[in-house]
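Asker: here are the coordinates; sequence isn't available:
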């Protein structure tokens, strides 16, 4: 447990980082992070790396890769974003968030270099670039046997792209961040394909045809070795089970059966197949079946179709674009048997709000719109008006904040369950920020 003085230092560090350019303000360039990494002695080149880009599934796939490597007795470092509750979650050492003391020491190591690069560049180091550099250094100091890096946005000019990855992973690509990545799937795919390094191994999840063409062309130019879902690897079989699913995965070097994955949804089975292929591509041999089974049994993915409470059932999911919302809707329909669903949605204003709502409409019976504490949150009244156009006025309610929305939904759901033979549930979604805040609110409510 960190002492009060240490907590004060940690808070000071977080505030100093947050005063930098936010993650949502981008000036596409690797100049700043390259200069910073060079000044730090290029710590990101002192260990082998796996790099993951895509629209959805990156964080969960990163966690699965991490779990597989730890089961193989590798010391792992994992960098993911955004975080749910604490910025320490972004930098993981052997599967756990970096300790507060580690973050303080690492920040002290690089603080002067941040100021130095700020003084030499036309734009200052951003929050995300600073966090990326912290991960570079933390992993080198630990030290790790493998660094697992999730691209923040895009790929080609993402701050993580100064690593020299042995394996690049592209998860499913959809429309998101179009103001920066391009208006079409082809443009977005081209940007994300920028993580593919010459003569590296490339693991590709199944993609729309137009995306697959772009990625295949990039692999060819880079003289990389591709592993494609449906060809070199696949999900062989998937059976829904209590608390998750049983899988047979056809890896690069053959099938592995009887894998229990404690996560819901067909998309998570795909993530598992991609993760297995990535690790197999890195080590170059078939993994022991029991090692794979233990690794997936221990996988956790907070905020991804996560059951927070029973009686009533409360599920939180970080879906923040139509692709993610569609995966959530499919999972709720195919893997749960709820009589009705009370949906709580809080969405950021720069997202495809209507697209998210349209994907959720078929599976949500009553919708409560609200907002998170993010400065980017879409105002409740605007979300309410847009939701009415899709759900109809009789199905939409509004609450001023997420806490009151959760309280109201759980109360109404409990009342319905008391007079009905079926089981109703509460589902909270719309953004990673929403998912993180919901976890805190529900945990606090249960403790009272």
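Answerer: Noted; the coordinates are in hand. Please read all numbers here as calculations on a predicted model, not as lab measurements.

Asker: what's the domain layout of the protein?
Answerer: 4-297, 306-447 (automatic domain parsing).

Asker: end-to-end on the shortest one?
Answerer: By that I understand domain 306-447. 18 Å (Cα to Cα, to the nearest Å).

Asker: How about the first one?
Answerer: Start-to-end span of domain 4-297 (Cα to Cα) is 37 Å.

Asker: I'd like the average pLDDT over that domain.
Answerer: Taken as a whole, domain 4-297 has an average pLDDT of 94.

Asker: what's the answer for stretch 401-409, then?
Answerer: Here stretch 401-409 scores 96 as its mean pLDDT.

Asker: Now the domains of the chain in a markdown table, please, with extra columns for mean neighbour count.
Answerer: All C-beta spots, glycine's among them, are computed from the backbone N, C-alpha and C. As requested, the domains of the chain are arranged in a markdown table below (neighbours: other Cβ atoms under 10 Å):
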| stretch | mean neighbour count |
| --- | --- |
| domain 4-297 | 20 |
| domain 306-447 | 19 |
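
Asker: how much space between the nearest residue to residue 72 once chain neighbours are set aside and residue 67?
Answerer: Spatial nearest neighbour of residue 72, excluding adjacent residues (Cβ to Cβ, 6 or more residues apart in numbering): residue 291 at 6.4 Å. Between residue 291 and residue 67 the computed distance is 10 Å (Cβ to Cβ, to the nearest Å).

Asker: Could you do residue 439 as well?
Answerer: Counting by Cβ to Cβ, the gap from residue 439 to residue 67 is 21 Å.

Asker: sorry, back to before: so the residue nearest to residue 72 makes contact with residue 73?
Answerer: No: taking Cβ atoms under 8 Å as the definition, residue 291 is not a contact partner of residue 73, at 9.6 Å.

Asker: all helices for the stretch 251-400 of the chain, in order.
Answerer: Assigned by DSSP state H, counting those that start in this stretch, the helices in the stretch 251-400 of the chain fall at 266-283, 289-297, 322-335, 353-360, 380-391.

Asker: closest one to residue 30 among the ones you listed?
Answerer: With Cβ to Cβ, the closest approach to residue 30 among the helices of the stretch 251-400 of the chain belongs to helix 266-283: 23.4 Å.

Asker: from what I can see residue 27 touches residue 125, true?
Answerer: No: applying Cβ under 8 Å, one finds residue 27 not in contact with residue 125, separated by 11.0 Å.

Asker: Mutual contacts of the two, please.
Answerer: residue 21 (Cβ atoms under 8 Å, 6 or more residues apart in numbering).

Asker: quick one, what contacts residue 168?
Answerer: Residues near residue 168 by Cβ under 8 Å, 6+ apart: 50, 51, 52, 53, 195, 196, 197, 200, 201, 202, 203, 224.

Asker: what sits opposite it in the beta ladder?
Answerer: Taking DSSP bridges as the rule, residue 168 bridges to residue 51, residue 202.

Asker: The nearest residue to residue 287 once chain neighbours are set aside and residue 233, how far apart?
Answerer: Leaving aside its sequence neighbours, residue 287 sits nearest to residue 280 (Cβ to Cβ, 6+ apart; 6.3 Å). As judged by Cβ to Cβ, residue 280 and residue 233 stand 8 Å apart.

Asker: Overlap of the contact sets of the two?
Answerer: When contacts are counted by Cβ under 8 Å, 6+ apart, residue 280 and residue 233 have 251, 252 as shared neighbours.

Asker: related to what we said a few turns ago, does the residue nearest to residue 287 touch residue 256 like I think?
Answerer: No: contact criterion Cβ under 8 Å: residue 280 and residue 256 do not qualify, at 10.1 Å.

Asker: shared neighbours, the two?
Answerer: residue 287.

Asker: Let's verify residue 238: helix, strand, or coil?
Answerer: strand (DSSP: H, G, I helix; E, B strand; the rest coil).

Asker: Which residues are in contact with it?
Answerer: So residue 238 contacts 245, 246, 247, 248, 266, 269 (Cβ under 8 Å, 6+ apart).

Asker: I'd like to know how far the residue nearest to the third one when sequence neighbours are not counted sits from residue 68.
Answerer: This means residue 247. Residue nearest to residue 247 in three dimensions, not counting chain neighbours: residue 259, with 4.4 Å by Cβ to Cβ, 6+ apart. Taking Cβ to Cβ as the measure, residue 259 falls 11 Å from residue 68.

Asker: hey, what's in contact with both of those two?
Answerer: Common neighbours of residue 259 and residue 68 (Cβ under 8 Å, 6+ apart) are 292, 296.

Asker: Compute the first-to-last residue distance for stretch 79-88.
Answerer: End to end - Cα to Cα - stretch 79-88 spans 10 Å.

Asker: which residues are contacting that stretch?
Answerer: Contacts of stretch 79-88 (Cβ under 8 Å, 6+ apart): 14, 17, 23, 58-59, 62-63, 89-92, 97-100, 103, 128, 131-132, 135, 139, 147-150, 152, 160, 302-303, 318, 432-433, 435-436, 439-440.

Asker: Among those, which ones are in strands?
Answerer: 91, 92, 97, 147, 148, 149, 150 (DSSP state E).

Asker: Could you check how many residues crowd around residue 301?
Answerer: 21 (other Cβ atoms under 10 Å).

Asker: Find the nearest non-adjacent residue to it, please.
Answerer: residue 60 (4.4 Å).

Asker: pretty sure that neighbour contacts residue 271?
Answerer: Yes: applying Cβ under 8 Å as the test, residue 60 and residue 271 come out as touching, 5.0 Å apart.

Asker: Need the max-distance pair from the contacts of residue 238.
Answerer: Checking the contacts of residue 238 with Cβ to Cβ, the most distant pair is 248 and 266, at 13.8 Å.

Asker: Spit out the residues that contact the two alike.
Answerer: Joint contacts of residue 248 and residue 266 (Cβ under 8 Å, 6+ apart) are 235, 238.

Asker: can you tell me which residues contact the spatially most central residue of the chain?
Answerer: By Cα atoms, centre = their mean, the chain has its centre lying nearest to residue 59, at 3.3 Å. Residue 59 makes contacts with 80, 81, 150, 301, 304, as judged by Cβ under 8 Å, 6+ apart.

Asker: Tell me if I'm right that residue 175 and residue 326 touch.
Answerer: No: judged on Cβ under 8 Å, residue 175 makes no contact with residue 326 at a distance of 11.6 Å.
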